[in-house]
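Peer 1: missing the sequence, but the structure's below:
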């Protein structure tokens, strides 16, 4: 049996790479650990012994509990080192083939989007998109990736101002104006809070945005027919788009993880982090999200905050989440799912340390509200829940043209209009879900592939996908049901 993996000399636990006293990915004690003593992994505290732990014993939920983590923050303390590390990567030269839009945006896909402003119009846009597909409407338009129906369950029964309204407004306008969307059609009922006129006011009077309502069109069936007629009018113009070379600096990439396991922070996440650094050096924007899943590891981001304002904004969002979970009778340590725990993750502190590895070591340039437009090159952080569909919806609304998603337990996630690339953390998963996984990172352990070589593979896959190569989730047709805006505030 291989020797357990020691990640940092300061660690008092090691990781099983094959099943032994516990499943692969789980922890065993390197020495006796007394009750109340810190359990250390990655050189960081991940919890505290809730009972005496003997050397060689399995360390998990039965004897390791969540506890407070250090908050002696020193924002910016590691900023110069982060800048120096980023400077070691090439600063230009990488390209992809993209769709150049007005205003300088570059798309990786060429969609027509039907956007419901309210749940009342959700069926109308879904039915129109499905009828167009069945009728073969796109058959003569090979440069059109499809018609995507962005339906949701909100848009009314909510305040007409405040955080909830602003978040949904950013999601809807962000998808309609997305670089992967060549033309968009807003569809409403007519009397809802989320009015089309306000949507169009936010977007401006550009010709690629259109709108109609069910009440003005004489009902659901007539609206479906009107949507289909509008789409057929758009298709010839949208089909004229052609791919052309674009620099990697035009890319905005959402970093996601889901179904994480004990190998996530060892293989796929740090490999993606190094790939993120390589792309950040090229001027691309990388967007880490899932605020509940950086809890306990926030210091690793605050250390490289480029300003006090950036650090303060991140700390404010963490305080908001502590209050939000407490008000709802929960704890941020409720976050690790049963699947996470079965894969070897014990506390949110441990999970967060692995999750933050996706962000590499680049300086933290900006902290964004949910679905806020991504404008800063380099590493960004967007405040989102940890729930993958809600988080990715916010990243895409902000302008991310691709999502890169690491998983150890397995995921069937996909997204539109921005495709998702999925990275497996272990060989077993890559073999078991071969139709879902785009790249295996398990060979970092099983075959000794270096993190740098794997990072280069990830960058090459990102550029190929941005240039039109279909991801596994696209080939499976995933993404139509994963559009899920975050509902903030009271439903009235």
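Peer 2: All right, it came through fine. The shown structure was predicted, so the numbers you read here are calculated from the model rather than taken from an experiment.

Peer 1: where in the stretch 151-300 of the chain is pLDDT low?
Peer 2: Within the stretch 151-300 of the chain, the ranges that satisfy pLDDT under 70 run 202-208.

Peer 1: hey, where'd the helices end up in it?
Peer 2: Counting by DSSP state H, counting those that start in this stretch, the stretch 151-300 of the chain has helices at residues 163-176, 196-203, 214-217, 220-239, 268-281, 298-302.

Peer 1: Export these as a markdown table, with columns for distance to residue 381 and mean neighbour count.
Peer 2: C-beta coordinates here come from the backbone N, C-alpha and C atoms, glycine included. Converted to a markdown table, the helices of the stretch 151-300 of the chain look like this (distance: least, C-beta to C-beta, whole Å; neighbours: other C-beta atoms under 10 Å):
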| stretch | distance to residue 381 | mean neighbour count |
| --- | --- | --- |
| helix 163-176 | 16 | 22 |
| helix 196-203 | 24 | 16 |
| helix 214-217 | 39 | 17 |
| helix 220-239 | 34 | 17 |
| helix 268-281 | 12 | 27 |
| helix 298-302 | 7 | 21 |
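
Peer 1: okay if I get these as JSON lines plus distance to residue 476?
Peer 2: Formatted as JSON lines, those follow (distance: least, C-beta to C-beta, whole Å):
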{"stretch": "helix 163-176", "distance to residue 476": "21"}
{"stretch": "helix 196-203", "distance to residue 476": "31"}
{"stretch": "helix 214-217", "distance to residue 476": "32"}
{"stretch": "helix 220-239", "distance to residue 476": "24"}
{"stretch": "helix 268-281", "distance to residue 476": "20"}
{"stretch": "helix 298-302", "distance to residue 476": "33"}
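
Peer 1: and of those, who's closest to residue 390?
Peer 2: helix 163-176 (9.9 Å; C-beta to C-beta).

Peer 1: what's the angle from the closest one to helix 196-203?
Peer 2: Calculated by axes from the mean of the first three to the mean of the last three C-alpha atoms, to 10 degrees, helix 163-176 forms an angle of 70 degrees with helix 196-203.

Peer 1: Point to the residue nearest the middle of this protein.
Peer 2: The structure's the chain has its C-alpha centroid closest to residue 256; by C-alpha atoms, centre = their mean the separation is 3.5 Å.

Peer 1: Residue 286 is in contact with that residue, correct?
Peer 2: No: using C-beta atoms under 8 Å, residue 256 makes no contact with residue 286, being 11.5 Å away.

Peer 1: What helices and strands are in contact with the longest strand anywhere in the chain?
Peer 2: If you go by DSSP state E, the chain has its longest strand at strand 181-188. Applying 3 or more C-beta pairs under 8 Å, 6 or more residues apart in numbering; DSSP states H and E, we find strand 181-188 packed against strand 111-116, helix 163-176, helix 196-203, strand 209-213, helix 220-239.

Peer 1: Tell me, how many residues neighbour residue 346?
Peer 2: By other C-beta atoms under 10 Å, the residues close to residue 346 number 27.

Peer 1: ok, now how distant is it from residue 8?
Peer 2: Distance, residue 346 to residue 8, using C-beta to C-beta, to the nearest Å: 17 Å.

Peer 1: again with residue 395
Peer 2: Applying C-beta to C-beta to residue 395 and residue 8 gives a distance of 30 Å.

Peer 1: So which of these two has more stuff around it?
Peer 2: With neighbours defined as other C-beta under 10 Å, residue 395 and residue 8 compare such that residue 395 has more, 30 against 10.

Peer 1: If we ignore the residues flanking it in sequence, what's nearest that one?
Peer 2: Once flanking residues are discounted, residue 395 sits nearest to residue 254: 3.4 Å by C-beta to C-beta, 6 or more residues apart in numbering.

Peer 1: what's the answer for residue 464, then?
Peer 2: residue 96 (8.0 Å).

Peer 1: same check, this time on residue 118
Peer 2: Once flanking residues are discounted, residue 118 sits nearest to residue 155: 3.1 Å by C-beta to C-beta, 6+ apart.

Peer 1: next one: phi and psi at the residue in the chain sticking out farthest from the centre?
Peer 2: Of all residues in the chain, residue 218 has its C-alpha farthest from the mean position, at 39.3 Å, by C-alpha atoms, centre = their mean. Dihedral pair for residue 218: phi 90, psi 30, per degrees, to the nearest 10.

Peer 1: Please tell me how far it sits from residue 225.
Peer 2: As judged by C-beta to C-beta, residue 218 and residue 225 stand 10 Å apart.

Peer 1: repeat for residue 13
Peer 2: On the measure of C-beta to C-beta, residue 13 and residue 225 end up 63 Å apart.

Peer 1: Go ahead and measure how far stretch 163-173 is from the middle of the chain.
Peer 2: Computed by C-alpha atoms, centre = their mean, to the nearest Å, the chain-centroid distance of stretch 163-173 equals 18 Å.

Peer 1: Which strand or helix spans the closest residue in space to residue 479 that isn't next to it in sequence?
Peer 2: Closest residue to residue 479 apart from its sequence neighbours, by C-beta to C-beta, 6+ apart: residue 416 at 3.5 Å. Under DSSP states H and E, no helix or strand contains residue 416.

Peer 1: Next, the contact list for residue 416, please.
Peer 2: Residues near residue 416 by C-beta atoms under 8 Å, 6 or more residues apart in numbering: 111, 146, 148, 479, 480, 482, 483.

Peer 1: Thought residue 399 was touching residue 374, still the case?
Peer 2: Yes: counting by C-beta under 8 Å, residue 399 is a contact partner of residue 374 at 4.6 Å.

Peer 1: joint contacts of these two?
Peer 2: Common neighbours of residue 374 and residue 399 (C-beta under 8 Å, 6+ apart) are 252, 285.

Peer 1: okay, now the domains of the protein?
Peer 2: The chain breaks down by automatic domain parsing into domains covering 13-65, 79-90+246-475, 111-239.

Peer 1: Nearest to residue 104, out of these?
Peer 2: Comparing these by C-beta to C-beta, domain 79-90+246-475 comes nearest, at 8.1 Å.

Peer 1: what's the first-to-last distance across the closest one?
Peer 2: When the termini of domain 79-90+246-475 are compared using C-alpha to C-alpha, to the nearest Å, they are 41 Å apart.

Peer 1: now stretch 141-150
Peer 2: Using C-alpha to C-alpha, one end of stretch 141-150 lies 21 Å from the other.

Peer 1: For residue 356, grab the count of nearby residues.
Peer 2: Neighbour tally, residue 356, other C-beta under 10 Å: 25.

Peer 1: Disregarding residues adjacent in the polypeptide, which is nearest to it?
Peer 2: According to C-beta to C-beta, 6+ apart, the nearest residue to residue 356 is residue 297 (4.3 Å).

Peer 1: can you pull the contacts of the one you found?
Peer 2: 44, 349, 352, 353, 355, 356.

Peer 1: Can you give me the distance of it to residue 9?
Peer 2: Residue 297 is 20 Å from residue 9, where distance means C-beta to C-beta.

Peer 1: Leaving out the residues flanking it, which one is nearest to the residue nearest to the centre of the chain?
Peer 2: Computed as C-beta to C-beta, 6+ apart, the closest residue to residue 256 that is not its neighbour in sequence is residue 405, at 4.3 Å.

Peer 1: That neighbour falls within a helix, correct?
Peer 2: No: using DSSP: H, G, I helix; E, B strand; the rest coil, the secondary structure at residue 405 is strand, not a helix.
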